[in-house]
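**Q** Using only what follows, build the 3D model:
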Amino acid sequence: AFLQSSPCGRSGGATGGGARGGAKMCHPGGNSDGRSAASCAPLRPGERDMSRWMSMLPSGTPLAEVTMPGTHNSATYEIGAGHYAAVVVASRCQSRDLLTQLRLGIRFLDLRVRPDGMLCHGRISCTLSLRGALDICAAFLRANPGEVLLMRVKDEANNRTSACAIDDLVRDIAESADYPFYLQMRLPTIGEVRGRIVLLRDWANGLLGLRWGGRSMRLQDEYWQSSGSKKWQIVRKFLCKSQPRPDMLHVHFTSATSLPRKVPISIARSVNPKLGHFLQGDGSGRRFLGVVAMDFPSAALCELLIGRNRGGAGLDPCRRVRSLRGGCPQVGEYLDNLQCELQVAASRADVVLLGDAGPSPELAERVQWLPRVYSKDV
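**A** The predicted model follows:
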């Protein structure tokens, strides 16, 4: 439930036997540049469209105090042609296309770029360009103007020549005014950046956007780990230490690798369920986690993270409500009853959904029953 299922397309020519070929997967718009924002496939049964969850958050909320799901190496769902199957497996960190990631609630994107503008993972090229990714994001924000995207743009080559080329590239893109960038060197509130892309600059000597790994960031990216259990111990330690501050952006990567024995999907199979159980059973009542950047996150994992925000994903029937009880036994009884009734009504709706291939009159009736139960108990 906490790991992405198979990619939305098959890997052409890179599926085994050491054969060379492209890792072709379906792509928004159906072209190699990704300039159309049309979805290549609908969401799967049971997946909720979380395209507008940030619109429910108060505009005065500091962006740094929002818990949000993100993806590591976000463009690696489609690897360029000509690589051995083992190279493709070692390079791929996602199986859902960029637009689908956004629809599932992902709001932090990790893009590694070459001087020519193509996205990559190390020396391995993706089929999507930086401009193509920005086209998808801009179209998504036009359709959902209450949302905010955080975008890390990293100089993957990490040298002086590539840094200058990428700085020129991003400046040209920003000066074109084709994309709704937020380029200030400070952390904003949500209201200041609704409908915009907050740039996180990860190249040397640049002046645009917020500097990656700077004084305004607390970062955990210990990516070379021999097992998922060891990586999870690190992730859990940093998640438990996260405290909301308007001037400090927390970013936690759950991704890791240890080639050739452990590839990204191997680590994700171990870490993602542990993260899901942590979010479901965290007994501390902790709500804030910051940005959690993952490999192969499922829709369920994204929803659990989004649900950590007050007002972000609707009413959570399991949330702690001690501050509302006010020492009055009668109020406590009402709240306990409300939580119980909501859980039962939601479970009935889930059972109907899991039993059907799609929406049905019975499912609609069960869902409509939820607000009736809420109104009655309140």
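**Q** for residue 172, what are its contacts?
**A** Residue 172 makes no contacts at all, as judged by C-beta atoms under 8 Å, 6 or more residues apart in numbering. The C-beta positions use only the backbone N, C-alpha and C, and glycine is treated the same way.
**Q** Am I right that it is in a strand?
**A** No - using DSSP: H, G, I helix; E, B strand; the rest coil, the assignment for residue 172 is helix, not a strand.
**Q** Can you tell me what sits against stretch 268-288?
**A** With contacts defined as C-beta under 8 Å, 6+ apart, stretch 268-288 is touched by 1-3, 65, 67, 227-229, 231-232, 235-236, 239-240, 242-244, 254-256, 292, 294-298, 300-301, 304-305, 308-310, 320.
**Q** Stretch 224-241 now?
**A** 220, 222, 252-254, 256-258, 261-262, 266-271, 274-275, 278, 284, 286, 289, 292.
**Q** Give me the buried subset of those residues.
**A** Taking 16 or more other C-beta atoms under 10 Å as the criterion, what is buried in the contacts of stretch 224-241 is 220, 252-254, 256-258, 262, 266-268, 270-271, 274-275, 278, 289, 292.
**Q** so of the residues you listed, which ones are in strands?
**A** Secondary structure assignment by DSSP state E places 220, 252-253, 292 of those in strands.
**Q** Reformat those as CSV; add distance to residue 72.
**A** CSV is the format used below for these (distance: C-beta to C-beta, whole Å):
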residue, distance to residue 72
220, 12
252, 10
253, 6
292, 10
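**Q** does residue 336 count as helix, strand or coil?
**A** Assignment for residue 336 (three-state DSSP): helix.
**Q** I meant to write residue 152 there.
**A** Per three-state DSSP, residue 152 ends up strand.
**Q** Let me know the secondary structure of the residue lying closest to it once chain neighbours are set aside.
**A** Distance criterion C-beta to C-beta, 6 or more residues apart in numbering; nearest residue to residue 152, sequence neighbours excluded, is residue 200 at 4.3 Å. Secondary structure, three-state DSSP: residue 200 is strand.
**Q** Assess the claim that residue 200 and residue 170 are in contact.
**A** No - counting by C-beta atoms under 8 Å, residue 170 is not a contact partner of residue 200; they are 11.5 Å apart.
**Q** Find residues that contact each of those two.
**A** Shared contacts of residue 200 and residue 170, defined by C-beta under 8 Å, 6+ apart, comprise residue 153.
**Q** neighbour count winner among those two?
**A** Shown here are residue 200 and residue 170; by other C-beta atoms under 10 Å, residue 200 has more neighbours (25 against 22).
**Q** which residues in the stretch 151-300 of the chain form helices?
**A** Secondary structure of the stretch 151-300 of the chain by DSSP state H, counting those that start in this stretch: the helices cover 160-175, 190-193, 228-241, 264-281, 299-306.
**Q** So, low pLDDT: which residues of this structure?
**A** Along the chain, segments meeting pLDDT under 70 span 5-41, 282-286, 311-327, 339, 343-360, 363, 366, 373-378.
**Q** 90 - rerun?
**A** 1-42, 45-46, 261, 280-287, 310-378 (pLDDT under 90).
**Q** circling back: and the residue nearest to residue 152, what does it touch?
**A** For residue 200, the contacting residues are 150-153, 209-212, by C-beta under 8 Å, 6+ apart.
**Q** repeat for residue 242
**A** By C-beta under 8 Å, 6+ apart, residue 242 lies in contact with 218, 250, 252, 286, 288-290.
**Q** same check, this time on residue 372
**A** Counting by C-beta under 8 Å, 6+ apart, residue 372 touches no other residue.
**Q** Are we agreed that it is in a helix?
**A** Yes - the assignment for residue 372 (three-state DSSP) places it in a helix.
**Q** Could you measure from it over to residue 221?
**A** 46 Å (C-beta to C-beta, to the nearest Å).
**Q** Same question for residue 306.
**A** Relative to residue 221, and taking C-beta to C-beta, residue 306 is found at 22 Å.
**Q** can you pull out the strands in the stretch 51-200 of the chain?
**A** For the stretch 51-200 of the chain, applying DSSP state E, counting those that start in this stretch gives strands covering 68-71, 79-84, 108-113, 118-121, 124-129, 148-155, 181-182, 196-202.
**Q** neighbour count winner among residue 306 and residue 221?
**A** Just comparing residue 306 and residue 221: by other C-beta under 10 Å the higher neighbour count belongs to residue 306, 24 against 14.
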